[in-house]
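K.L.:
pasting the sequence and the predicted coordinates here, then a few questions.
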Amino acid sequence: MTAQTILPANSASSGGYEVANSLRFNPASNDRLTRTPSTTGNESRWTWSGWAKRGTDNQDLFLFGCDEDANNETHLKFGTGGDIRFLDKVGGSTNGKINTLAKFRDLSAWYHIVAVFDKDNSTATDRMILYVNGVRISVFDGSVMPGNSSILNKAELVEIGALDGDGDMNGYICEVCFIDGLALAADSFGEFDSDSGIWKPIKVSGLTFGDQGYYLEMKQVGTSQNSSGMGADTSGNDNHFAVNGLTAIDQTTDTCTNN
């Protein structure tokens, strides 16, 4: 098995596009952003992108989750040991999963994670993809490619920073994008700095987000589920998230361009 090199996330701003804010998630107050879509989106093809910095390495930390019940769920999380786990479960069985062999244990680093679900891709190994800091994960501790549509993008509760009240995020999340109906690579959301070689975010305002897509910049300080709230969707879709547990003090300037 060959080793895989993962470049570090940004440790400081290097000019260009700047991310102004993140949200700090504290499990003690069950912090999370939540939204239940009124209609289903594309359950066969979608892309989730976000930046995260872990606050602990001794528990599961969910970046997003969606579940109908204990037997049907989709989630992305840091595992207790520092690996990253992307799972879709249908009818109590694993429909698709990627568990990274690499461990991401640096609590001072921001990591950019892109999770792609593309059930109908003609290349079986491209039906579920993870990128970390611009690098596609190719060495796994376990993987299953999906044969059915995902639980995510149904008219079911979606949570940022949690899954059904379990494994609450402890740390920071920023620049969250969800693309409904497209399978995008990491370079739709970031690029390698030509001088430092460090992976950094780029403007995503030109992306097509799809009906249930959203872009969470976390710039606002309100606690309502609207354009003034911390969970405001600035993609143009107004798919705003409700704020649970988070307060204005949890909006920070510690981001992937200002660590």
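P.N.:
The structure has been received and is ready for your questions.
K.L.:
quick check: closest non-adjacent residue to the residue nearest to the spatial centre of the chain.
P.N.:
Geometric centre of the chain, nearest residue: residue 50, 4.1 Å, by CA atoms, centre = their mean. Sequence neighbours aside, residue 176 is the residue nearest to residue 50 in space, at 4.2 Å (criterion: CB to CB, 6 or more residues apart in numbering). C-betas here are computed from N, CA, C, even on glycine.
K.L.:
same thing with residue 92?
P.N.:
Among residues not flanking residue 92 along the chain, residue 71 sits closest, at 3.9 Å (CB to CB, 6+ apart).
K.L.:
likewise for residue 238?
P.N.:
For residue 238, the spatially nearest residue (CB to CB, 6+ apart) is residue 227, at 7.0 Å.
K.L.:
the residue nearest to residue 50: neighbour count?
P.N.:
Other residues within reach of residue 176, judged by other CB atoms under 10 Å, total 25.
K.L.:
what do you get for residue 135?
P.N.:
17.
K.L.:
in the sheet, who's paired with it?
P.N.:
In this entry, residue 135 is beta-bridged to residue 132, by DSSP bridges.
K.L.:
and residue 22, how far from residue 76?
P.N.:
Relative to residue 76, residue 22 is positioned 17 Å away (CB to CB, to the nearest Å).
K.L.:
who has more neighbours, the two?
P.N.:
Neighbours per residue, other CB under 10 Å: of residue 22 and residue 76, the larger number sits with residue 22, 26 against 22.
K.L.:
ends of stretch 250-259, what's the gap?
P.N.:
Chord length of stretch 250-259, first to last residue, is 16 Å (CA to CA, to the nearest Å).
K.L.:
and it, what's buried?
P.N.:
250, 251, 255, 256, 257, 258 (16 or more other CB atoms under 10 Å).
K.L.:
do I have it right that the fifth one meets residue 17?
P.N.:
Yes: between residue 257 and residue 17 there is a contact at 7.2 Å, judged by CB atoms under 8 Å.
K.L.:
what touches both of the two?
P.N.:
Applying CB atoms under 8 Å, 6 or more residues apart in numbering, one finds that residue 257 and residue 17 are jointly contacted by 200, 201.
K.L.:
just the strands in the stretch 151-259 of the chain please.
P.N.:
Counting by DSSP state E, counting those that start in this stretch, the stretch 151-259 of the chain has strands at residues 158-160, 171-180, 190-192, 199-201, 214-216, 242-244, 251-252.
K.L.:
so for residue 137, which of those sits nearest?
P.N.:
Set against residue 137 and scored by CB to CB, the strands of the stretch 151-259 of the chain come closest in strand 199-201, at 13.9 Å.
K.L.:
for that closest one, packing partners?
P.N.:
The contact analysis (3 or more CB pairs under 8 Å, 6 or more residues apart in numbering; DSSP states H and E) places strand 199-201 against strand 190-192.
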